[in-house]
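[1] The sequence and its predicted three-dimensional model are supplied below.
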Amino acid sequence: MVQINNPLKRVVAIFAHNESRRIIACLEALRLSPLPGGTTCYVIANGCTDDTVIRATEYAQRASWVKVIDLKTGDKANAWNYFVHEVAAEAGIYFFTDGDCQIESGALQHLEERLLSNPDINAVSGVPSSRNLSLGIFRSTITSKGGLAGNLYALSQDFVTRLRIKQIRLPHGLIGDDSLIGTLALWNLDLVQVVPSATFRYESILRASLYDQAFYIRRLKRYSLRHFQNQLIKFRIKELGLSVLPYHINSLYLEAEDKELIPRRSLKYYFFDRWAITQIRNIRKLLSSSGR
């Protein structure tokens, strides 16, 4: 691997919602990766009700490369918008990861090398570590079929500049920012590349549920809701373009047709899909009754 010692400025956005137990491990993994020179990491805490902000701030007091931003709204899409459009950190490379992830050795360098190898590339994605045995299918799928892992990816300076100029923002309430970012990156050029050597790991859902017994159910519900959000938004972008991106994802629920709200047959998803469909219909009914 080529050692990157150039003066290129880099920024890392770390999105954290109630990650008190994992945020320090996340930051330490970045530091030891090793962190390329000229890198600033922004911990974007959003809607935290634990001591994530306190722990990250204490860490930042002895690590000048860490900045902590405390947003009161617990919404990753809003946090992403804030980082891209409001923090306005100018950089040559923009990295994105989550507060529950630990990137592995050389991950940022591998992503950067691939991104800089072709000036037309919009985005590059990391993949789950082989050490995360439970993520074997995810790793295999993204490596063979492509995609963008929201846990670790990087965007080019040119792409971020275009997003800013066009004022492209993620809809509030969107779950699965990676899917929409991947779609945006593919919009003009088919240039989102997966970098198998840029790996990350994170705590499995089952292990996390040992600390929070309701965590497992909440996460599976969010996965199902994300599935339908992606279906609704991707179809409309394909048909009508980026102008259909709403301020809040709930606006798309008003347009959702019954044929778009069908649970997947697999028992792995079926009951959680039914829950998600009920949520969407309840929100649609509420918005309709209020005249919105």
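    Arrived safely.
[2] And residue 240, how close does it get to residue 254?
    Counting by Cβ to Cβ, to the nearest Å, the separation of residue 240 from residue 254 is 15 Å. Yep, even glycine has a C-beta here, placed from its N, CA and C like the rest.
[3] okay, those two: which has more neighbours?
    Using other Cβ atoms under 10 Å as the criterion, residue 240 and residue 254 rank with residue 254 on top: 14 against 10.
[4] need the next SSE after the helix or strand encompassing that one, C-terminal direction.
    According to DSSP states H and E, residue 254 maps onto helix 250-255. Sequence order places helix 270-289 as the next helix or strand after helix 250-255, per DSSP H and E.
[5] low pLDDT regions in the stretch 101-250 of the chain?
    In the prediction, the stretch 101-250 of the chain carries residues with pLDDT under 70 at positions 132-137, 176-179, 183, 185-190, 203-213, 215.
[6] all strands for it, in order.
    101-103, 123-128, 152-156, 192-202 (DSSP state E, counting those that start in this stretch).
[7] between those, which one is nearest to residue 95?
    strand 152-156 (4.8 Å; Cβ to Cβ).
[8] buried ones in that closest one?
    Using 16 or more other Cβ atoms under 10 Å as the burial criterion, the residues of strand 152-156 that qualify are 152-156.
[9] With stretch 191-199 instead?
    Of the residues in stretch 191-199, those buried under the neighbour-count criterion (16+ other Cβ under 10 Å) are 192-195, 197-199.
[10] Looking at those residues, which is nearest residue 32?
    For the buried residues of stretch 191-199, the closest approach to residue 32 (Cβ to Cβ) belongs to residue 199, at 14.0 Å.
[11] nearest to residue 276, of the buried residues of stretch 191-199?
    When the buried residues of stretch 191-199 are ranked by distance to residue 276 (Cβ to Cβ), residue 192 comes first, at 26.5 Å.
[12] And that closest one, how far from residue 143?
    13 Å.
[13] just residue 153 next, same as before
    According to Cβ to Cβ, residue 153 and residue 143 sit 14 Å apart.
[14] residue contacts, residue 233?
    Remark: with contacts taken as Cβ atoms under 8 Å, 6 or more residues apart in numbering, residue 233 is in contact with 171, 174, 180, 244-245, 249, 252.
[15] CSV for those residues, including distance to residue 163 and neighbour count?
    Compiled in CSV, those are given as follows (distance: Cβ to Cβ, whole Å; neighbours: other Cβ atoms under 10 Å):
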residue, distance to residue 163, neighbour count
171, 14, 22
174, 15, 24
180, 11, 23
244, 16, 17
245, 12, 20
249, 18, 22
252, 20, 24
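[16] Check the residues you listed and tell me the two furthest apart.
    174 and 244 (13.2 Å).
[17] Could you pull out the helices in the chain for me?
    Remark: helices of the chain, listed N- to C-terminal, are 23-32, 52-60, 76-81, 107-117, 136-145, 157-165, 177-185, 205-211, 215-240, 250-255, 270-289; assignment by DSSP state H.
[18] The closest residue to residue 90 other than its chain neighbours - how many residues pack around it?
    Spatial nearest neighbour of residue 90, excluding adjacent residues (Cβ to Cβ, 6 or more residues apart in numbering): residue 9 at 7.0 Å. Residue 9 is flanked by 16 other residues according to other Cβ under 10 Å.
[19] One more: residue 32?
    The burial metric for residue 32, expressed as a neighbour count using other Cβ under 10 Å, is 12.
[20] Contact partners for it?
    The neighbourhood of residue 32, defined by Cβ under 8 Å, 6+ apart, consists of residue 105.
[21] okay, it: pLDDT?
    Per-residue confidence at residue 32 stands at 94 (pLDDT).
[22] What number of residues are in the vicinity of residue 229?
    Summarising burial for residue 229: neighbours were counted as other Cβ under 10 Å, giving 24.
[23] heads up, I number from 15, so please use that
    Let's use 15 as the start, then, which means that last one is residue 243.
[24] Report whether the expected contact of it with residue 263 is present.
    Yes. Between residue 243 and residue 263 there is a contact at 5.7 Å, judged by Cβ atoms under 8 Å.
[25] Between the two, which contacts overlap?
    Taking Cβ under 8 Å, 6+ apart as the contact definition, residue 243 and residue 263 share the neighbouring residues residue 188.
[26] Enumerate the beta-bridge partners assigned to residue 170.
    Judged by DSSP bridges, the bridge partners of residue 170 are residue 107.
[27] Next, work out how far apart it and residue 135 are.
    Distance check for residue 170 against residue 135: by Cβ to Cβ, it reads 6 Å.
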